[in-house]
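K.L.:
the amino acid sequence is not available; the structure is as follows:
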């Protein structure tokens, strides 16, 4: 089992920044990748960004490319999502996800999920 605890959500005006954190605990020794997804009210859960635990592969959804940065601290088993130039359309609940398998941008490739943290961007 892997437990994921997210933090860092909140409310910000358009153009502002927020940093999300996701701390993993439990059976993390075989982690392949961790990712961030988001879900707005009435919409599906969408991929945001993913990083492999080796750090050799990172990619982003087109909607956040150039504005968001995913990075990790292996010593702390923590993944971060730095979000800059936030837009109202970034408003959603953001979820951290973990997988021990090769995974990309599909939610069903991830096995463990955090509880979610709300990000609200006002215009």
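P.N.:
Looks like it arrived, so ask away. Quantities reported herein were computed from a predicted structural model and do not represent experimental measurements.

K.L.:
quick one, what contacts the one residue sitting closest to the centre of the chain?
P.N.:
Residue closest to the mean C-alpha point of the chain, counted by C-alpha atoms, centre = their mean, is residue 36 at 2.1 Å. Taking C-beta atoms under 8 Å, 6 or more residues apart in numbering, we find residue 36 in contact with 20, 22, 48-50, 70, 79, 81, 94-97. The way it works is simple: take the backbone N, C-alpha and C, and place the C-beta from them, glycine included.

K.L.:
which among those count as buried?
P.N.:
Buried members of the contacts of residue 36, scored by 16 or more other C-beta atoms under 10 Å, are 20, 22, 48-50, 70, 79, 81, 94-97.

K.L.:
of the residues you listed, closest to residue 32?
P.N.:
residue 50 (10.0 Å; C-beta to C-beta).

K.L.:
quick one, what contacts the closest one?
P.N.:
33-36, 57-59, 70, 103-105.
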